[in-house]
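>>> Sequence plus predicted model, see below.
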Amino acid sequence: MSATPFTDLNTLAVHLRRELETKKFVLLYAYNGTGKTRLSTAFKNLGKNGDARDTLYFNAFTEDLFFWDNDIENDQERALKINRDSRFFAGLGQLEMDTRIRNLLSRYADFDFIIDTDKWEVRFSRNVTNGTTTTTVDNIKISRGEENIFIWCFFLAIVQLALDDNGAGPYNWVKYIYIDDPISSLDEHNAIVVANHLAQMYREAQNPIPAVVSTHHNLFFNVLHYEFKTNRNRQTSQYLLSQNRATGGYTLSHQEGDTPSFHHVAALAELYRVSQGDTIHTYHFNMLRVVLEKTAMFHGHKHFSECIKQDQDDAEGVLHQRFVDLLSHGKYSLFEPSEMGNETKEYFRKILRKFLERYPFNRDLFPSEPEEIQPQ
């Protein structure tokens, strides 16, 4: 798996633009917190020239173009507000966007909507059946997952307009498309449908716009791999993106298979590096559990605990399993990380050290043994 280092995200974004001179689709896999969203922003910023843009992008900032007015006073007239100043909505007023979005949304959801271009807001409704009677409930507050699906379909409708543009439409400025993790808050079924739908649009386009898709979702990556498998050598590249925390640089590694199978090795090296210092955050238990699960699957075990316990009567192993179970299910943020307590750090180091002693990973990944750091 060949790898190319980059000093920062800007140089990496420049590289991706050069790659898209010969490719139509670049697929990136990376852990959350690696820098996927910041990379999409760096890519987009390279195409800014005054008021001019060249990249239509979908990332966490796209979702921020929509915000709720929940009618706090009366709790009745709920609406999703639209930021009218964004070029994202350039064709909203004249291109029957509601019809285009509705055709896409019907694949995913059972609610309906109305776009009010005077008030720049969206109102939602749903048909509710009680026995033989069906009633339409207006001004509903849809769930977070449903909201994400709606915004994704809004984006897809714009992508379709850009793909079909004859050079005179409101999206004729789009030279690149960048999509970062479009499946947040979606179940596995919708992750498959979203990936399949996106690939279908690109396969059917006569002149597909060069695109980058980045994701941390294994299944989403897997589906896109197979959807583009037939034209991989000619039009598509796929990579594993990792960050060198010590230098602040990034590495782009060619990923040939249908699953980003080596991302857990990069995660293990990162966990080892973290364990040598005194700054260990609670979310590192989440990363450790992923590594344990990948290793268990490789060795044919049914549960990650088999990588911790020597046998069923291994009291220390049972305790370590409890730590991983409990601390990997907390809602720990990568962006507002909380540091472990000193005693918990010691357990983390011990679990990791015993795991590395038991399984023969390449020692070059771990240049020296983790130092024992005594609680203060």
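It's in. Residues are numbered from 1 along each chain as shown.
>>> Give me the secondary structure label for Leu27.
Put simply, Leu27 is strand when judged by DSSP: H, G, I helix; E, B strand; the rest coil.
>>> Going forward, the N-terminal residue is numbered 15.
Okay, residue one is now 15; in that scheme the one you just asked about reads as Leu41.
>>> How many residues are close by the residue nearest to it when sequence neighbours are not counted?
Excluding its sequence neighbours, the residue lying closest to Leu41 (C-beta to C-beta, 6 or more residues apart in numbering) is Gln252, at 4.0 Å. The C-beta positions use only the backbone N, C-alpha and C, and glycine is treated the same way. Counted with other C-beta atoms under 10 Å, the neighbours of Gln252 add up to 21.
>>> Likewise for Glu110?
Glu110, neighbours per other C-beta under 10 Å, totals 13.
>>> cool, Ala56 as well?
Here the number of neighbours of Ala56 (other C-beta under 10 Å) works out to 19.
>>> again with His334
Neighbour tally, His334, other C-beta under 10 Å: 21.
>>> What of Lys58?
By other C-beta under 10 Å, the burial measure for Lys58, its neighbour count, is 19.
>>> ok, back up a step: and the residue nearest to Leu41, what is it in contact with?
Val40, Leu41, Leu42, Tyr43, Phe235, His239, Arg246, His268, Gln269, Glu270 (C-beta atoms under 8 Å, 6 or more residues apart in numbering).
>>> Weed out the non-buried ones from those residues.
Val40, Leu41, Leu42, Tyr43, Phe235, His239, Gln269 (16 or more other C-beta atoms under 10 Å).
>>> wait, which of these is closest to Met215?
Leu41 (15.0 Å; C-beta to C-beta).
>>> Enumerate every residue touching the closest one.
Val226, Val227, Ser228, Thr229, Phe235, Leu238, His239, Phe242, Thr250, Ser251, Gln252, Tyr253.
>>> do the same with Ala17
For Ala17, the contacting residues are Thr265, Leu266, Ser267, His268, by C-beta under 8 Å, 6+ apart.
>>> so what does the longest helix along the chain touch, helix or strand wise?
Using DSSP state H, we find that the single longest helix of the chain is helix 158-178. The criterion is 3 or more C-beta pairs under 8 Å, 6 or more residues apart in numbering; DSSP states H and E, and the helices and strands that helix 158-178 contacts are strand 69-72, helix 74-77, helix 111-119, helix 202-218.
>>> How far off centre is that helix?
Here the centre of helix 158-178 is set off from its chain's centre by 16 Å, with C-alpha atoms, centre = their mean, to the nearest Å.
>>> That helix vs helix 202-218, what angle?
Counting by axes from the mean of the first three to the mean of the last three C-alpha atoms, to 10 degrees, helix 158-178 lies at 0 degrees to helix 202-218.
>>> pLDDT on helix 158-178, on average?
Mean pLDDT, helix 158-178: 89.
>>> which stretch among the helices and strands packed on helix 158-178 comes nearest Lys155?
Among these, the nearest to Lys155 by C-beta to C-beta is helix 74-77 (15.9 Å).
>>> The residue nearest to Leu41 and Ala56: what is the separation?
20 Å (C-beta to C-beta, to the nearest Å).
>>> Against which helices or strands is the helix or strand containing Leu282 packed?
Counting by DSSP states H and E, the element that carries Leu282 is helix 277-289. Packing contacts for helix 277-289, counted by 3+ C-beta pairs under 8 Å, 6+ apart, involve strand 250-257, helix 298-312, helix 356-372.
>>> Domain-wise, how is the protein divided?
15-68+189-270, 79-162, 277-379 (automatic domain parsing).
>>> going on from the longest helix of the chain, what's the next piece of helix or strand?
Per DSSP H and E, the first helix or strand lying C-terminal to helix 158-178 is strand 190-194.
>>> That following strand pairs with which strands, and in what direction?
As defined by DSSP bridges, the strand partners of strand 190-194 come to strand 69-72 (parallel), strand 225-229 (parallel).
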